[in-house]
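*Asks:* Okay, here's the prediction I keep looking at, along with the sequence it came from:
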Amino acid sequence: MRFARIQTKNGAQICAVDQNGAARAVRFADTGESITTLQQVIDAGAAATDRLTAATTAEGGKLLAPIVPRRNVFCVGRNYSEHAAEFAKSGFDATGSADGQHVPQHPVVFTKPAATVIASGDAIDPHTDITSALDYEGEIGVIIGKRASKVSKEDAMEYVWGYTLINDMTARDLQRDHKQWFIGKSLDTFCPLGPWAVTADEIDIDDLQLQTRINGELRQDTNTSQLIFDVPTIIETLSAGITLEAGDVIATGTPVGVGIGFDPPKYLVPGDEVVISAPGLGELRNVIGEPSDPDHLVAAGTSRLFVEKTGTGPAVVLIHGLGGSTTVYEPQVAALAETHTVLRYDLSGHGRSPVAGPNSITGWVEELKALLDAEGIEQAALVAHSMGTLVAATFAATYPDRVSKLALLGPVKAQPDAAKTATRARARTVREGGMSAVADTILGAALSSTTHESKPVTVAAVRELLLGQDPAGYAFACEALAAAENPDFASISVPVLLLTGDGDKVSPVAVNEELLGTYPSAQLNVLEGVGHWHSLEDSASVTHRLQDFLVKP
């Protein structure tokens, strides 16, 4: 079977890929267990594929790497004789092989960190700040199926679960200058892997044609029958003293035709497309992209957002409020990630997301839509706080099919005229005096007396969040809140959780009771001794209520 891993609207799913390329989510028929990682299939043993049942409809979404090993990828170097020769002659081999003695007597083994693994379709970072000799190496990857220790060549193939394609990206100048291979082969994004993982019974590893094309030009074209050390020999060598584990990945080496083999060398540059292919294994296709953003920001429409994602399962998106950031949900993330893919981000102009000019509630709604589209999320539960509840509710009213549930912490409505005037005045104060001009006043009003008296760490955390805001971004957000209009609350038919504190002056119980009667399907929870920063003031209660609300049908 061929397996792909896809980021679907319900989180990452392992899918069976048919001859037409359609991917259908699989599960264990006997237990009903959903399969989110290939490791589940591998760990289930040789008969696992007989237990699988596939969905009737194909899945859409972003293609992920089919497997990310739990430890480094094992790699074999100089394993095709012609490539060993071209490497020896290139001047980049600092490992001591002399011309005429380029064929190794034993497998040359190194590793790449598992963190370098990316999917087919992902951009490869060229790292132009540290290398000017970017090269490709198309390879066949072997996926180990069960623990292997001191395995003989004769028995080695019993330990192979299947195969995939690998691009062993290399910075040749770093490989040469450091006189070893780890650094030059281990930069971020330097191990594209996929597009699929294919069970061993589908592939003749002794007679498999491997090809690499750069911008359509065929550069590498050889057969695995030309390997110096075949797969059984590699497994015997590694397992002699290193116990291989199920899910380990071994890259078997690259053939002649890499960039340094040409005169002059043909290095990769941004915009180049690398396509590695083999019959039955598909095409591993990646483009050399622009240097990665050092702040790890994600493009969402015209905004660049700081985004954090963890867990697997149905998607839940966490939206903070005015003066907050993704950090406000830190106490809840680990628990929610046990059952969901948790996506949290800083609204543009907040936290680590750059200021993108004047904001509006509708602008943040479109920003959220662009982020969901970029992440391949068709539908999500939304958890929002304070001003973020206006973003979430407006999103749900505008794009009802994209929302499954709404959890609103300290929900607010459009401000009355007096509050609008005060909020705009706060924006002017911040522009003139920075966040320190308003932080302590906000702090005094936003937290409950209980929190001020008994939870100094919470007080300090909220104060730090406020002082850490960009004054321009915060001022824009104040003006956006002052200009906000109410969405059509009554049109939102999904389940809604309203959560406030009995000491919340921003979202008092009376406002929540009014909203409770407006939403068609809502419930209200009031926390004792809590002000407006619920997730930090009573993190355990908020976590429990969110878990209960999100998991229930």
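*Replies:* Nice, I can see it. Numbers count the residues shown, from 1 in each chain.

*Asks:* I'd say residue 227 and residue 80 touch.
*Replies:* Yes. Taking contacts as CB atoms under 8 Å, residue 227 lies within contact range of residue 80: 6.5 Å. From N, CA and C alone the C-beta is placed, and that goes for glycine too.

*Asks:* More neighbours: those two, which one.
*Replies:* Shown here are residue 227 and residue 80; by other CB atoms under 10 Å, residue 80 has more neighbours (26 against 22).

*Asks:* Return the distance of the more buried one relative to residue 261.
*Replies:* As for residue 80, its distance to residue 261 is 11 Å (criterion: CB to CB, to the nearest Å).

*Asks:* can you list residues touching both of residue 227 and residue 80?
*Replies:* Counting by CB atoms under 8 Å, 6 or more residues apart in numbering, the common neighbours of residue 227 and residue 80 are residue 253.

*Asks:* Tally up the residues packed near residue 225, please.
*Replies:* Burial of residue 225 is recorded as 12 neighbouring residues (other CB under 10 Å).

*Asks:* Any stretches of the stretch 51-200 of the chain with poor pLDDT?
*Replies:* Counting by pLDDT under 70, the ranges of the stretch 51-200 of the chain that qualify are 88-101.

*Asks:* tell me the strands in it, going along the chain?
*Replies:* Here the stretch 51-200 of the chain has its strands, by DSSP state E, counting those that start in this stretch, at 52-54, 62-64, 73-77, 108-112, 117-118, 123-124, 134-135, 138-144, 160-167, 170-171, 191-199.

*Asks:* Please identify the buried residues of the first one?
*Replies:* The reference is to strand 52-54. 52, 54 (16 or more other CB atoms under 10 Å).

*Asks:* follow-up on the earlier one: out of the strands of the stretch 51-200 of the chain, which is closest to residue 308?
*Replies:* When the strands of the stretch 51-200 of the chain are compared by CB to CB, strand 62-64 sits nearest residue 308, at 17.0 Å.

*Asks:* Buried ones in that closest one, by neighbour count?
*Replies:* Buried positions in strand 62-64, judged by neighbour count with 16+ other CB under 10 Å: 62, 63, 64.

*Asks:* Could you pull out the buried residues of the lengthiest helix in the chain?
*Replies:* The helix that spans the most residues within the chain, counting by DSSP state H, is helix 417-433. Buried residues in helix 417-433, defined by neighbour count with 16+ other CB under 10 Å: 420, 423, 424, 426, 427, 429, 430.

*Asks:* From residue 226, how far off is residue 451?
*Replies:* 70 Å.

*Asks:* Give me the more crowded residue out of these two.
*Replies:* residue 451 (24 against 14).

*Asks:* Now do the SS call for that one.
*Replies:* Of the three states, residue 451 takes helix according to DSSP: H, G, I helix; E, B strand; the rest coil.

*Asks:* quick one: pLDDT of it?
*Replies:* Note on residue 451: pLDDT of 96.

*Asks:* do the same with residue 295
*Replies:* Per-residue confidence (pLDDT) for residue 295: 69.

*Asks:* Tell me how far the residue nearest to residue 349 when sequence neighbours are not counted lies from residue 353.
*Replies:* Excluding the flanking residues, the one nearest residue 349 by CB to CB, 6 or more residues apart in numbering is residue 473, at 3.1 Å. Distance of residue 473 to residue 353, given as CB to CB: 8 Å.

*Asks:* likewise residue 49?
*Replies:* Plainly put, residue 49 is 44 Å away from residue 353 if you go by CB to CB.

*Asks:* between these two, which one's more packed in?
*Replies:* Set side by side, residue 49 and residue 353 show more neighbours around residue 353, with 25 against 15, by other CB under 10 Å.

*Asks:* residues contacting the more buried one?
*Replies:* 297, 303, 304, 305, 306, 345, 346, 347.

*Asks:* Just list whatever residues bridge to the spatially most central residue of the chain.
*Replies:* Centroid-nearest residue in the chain: residue 309, 6.0 Å away (criterion: CA atoms, centre = their mean). With DSSP bridges applied, the residues forming beta bridges to residue 309 are residue 343.

*Asks:* my guess is residue 491 meets residue 400, correct?
*Replies:* Yes. Look at residue 491 against residue 400 with CB under 8 Å: they come within range, at 7.5 Å.

*Asks:* Relative to residue 160, how far out is residue 244?
*Replies:* Relative to residue 160, residue 244 is positioned 10 Å away (criterion: CB to CB).

*Asks:* Mutual contacts of these two, please.
*Replies:* Counting by CB under 8 Å, 6+ apart, the contacts common to residue 244 and residue 160 are 144, 235.

*Asks:* so how far is stretch 528-536 from its chain's centroid?
*Replies:* How far stretch 528-536 lies from its chain's middle: 31 Å, per CA atoms, centre = their mean, to the nearest Å.

*Asks:* Name the residues of that stretch that are buried.
*Replies:* Buried residues in stretch 528-536, defined by neighbour count with 16+ other CB under 10 Å: 529, 530, 531, 532, 533, 534, 535, 536.

*Asks:* what about that stretch, start to end distance?
*Replies:* Using CA to CA, to the nearest Å, the end-to-end distance of stretch 528-536 comes out at 14 Å.

*Asks:* what's the model's confidence in it, averaged?
*Replies:* The pLDDT scores in stretch 528-536 average 97.

*Asks:* ok, and what's touching that stretch?
*Replies:* 328-329, 331-332, 385-386, 409-410, 446-448, 450-451, 458, 461-462, 499-507, 527, 537-538, 541-542.

*Asks:* Now intersect those residues with the helices, please.
*Replies:* Of the contacts of stretch 528-536, the ones assigned to helices by DSSP H are 331, 332, 446, 450, 451, 458, 461, 462, 537, 541, 542.

*Asks:* ok, which stretches of the stretch 201-350 of the chain are helices?
*Replies:* Counting by DSSP state H, counting those that start in this stretch, the stretch 201-350 of the chain has helices at residues 231-239, 330-336.

*Asks:* Now mean neighbour count too, for those helices, in TSV please.
*Replies:* Putting the helices of the stretch 201-350 of the chain into TSV (neighbours: other CB atoms under 10 Å) gives the following:
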stretch	mean neighbour count
helix 231-239	21
helix 330-336	18
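
*Asks:* export the ones you listed to TSV and tack on mean pLDDT and distance to residue 415?
*Replies:* As requested, the helices of the stretch 201-350 of the chain are exported to TSV (pLDDT from 0 to 100; distance: least, CB to CB, whole Å):
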stretch	mean pLDDT	distance to residue 415
helix 231-239	98	65
helix 330-336	96	27
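
*Asks:* For those helices, give me a markdown table that also has distance to residue 441.
*Replies:* Converted to a markdown table, the helices of the stretch 201-350 of the chain look like this (distance: least, CB to CB, whole Å):
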| stretch | distance to residue 441 |
| --- | --- |
| helix 231-239 | 64 |
| helix 330-336 | 25 |
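
*Asks:* mind checking how far residue 319 is from residue 362?
*Replies:* Distance, residue 319 to residue 362, by CB to CB: 14 Å.

*Asks:* Tell me which of these two has more neighbours.
*Replies:* Set residue 319 next to residue 362 and count neighbours by other CB under 10 Å: residue 319 wins out with 29 against 17.

*Asks:* Kindly provide the distance from that one to residue 164.
*Replies:* 37 Å.

*Asks:* Look up the closest residue to residue 485, ignoring the ones flanking it.
*Replies:* With CB to CB, 6+ apart as the criterion, residue 485 has its nearest non-adjacent residue at 5.3 Å, and that residue is residue 414.

*Asks:* Does the one you found belong to a helix, a strand or coil?
*Replies:* With three-state DSSP as the basis, the three-state label of residue 414 is coil.

*Asks:* residues contacting it?
*Replies:* Neighbour list for residue 414: 390, 484, 485, 486 [criterion: CB under 8 Å, 6+ apart].

*Asks:* now, which of the residues you listed sits nearest residue 404?
*Replies:* Minimum distance to residue 404 across the contacts of residue 414 is 19.1 Å, recorded for residue 390 (CB to CB).
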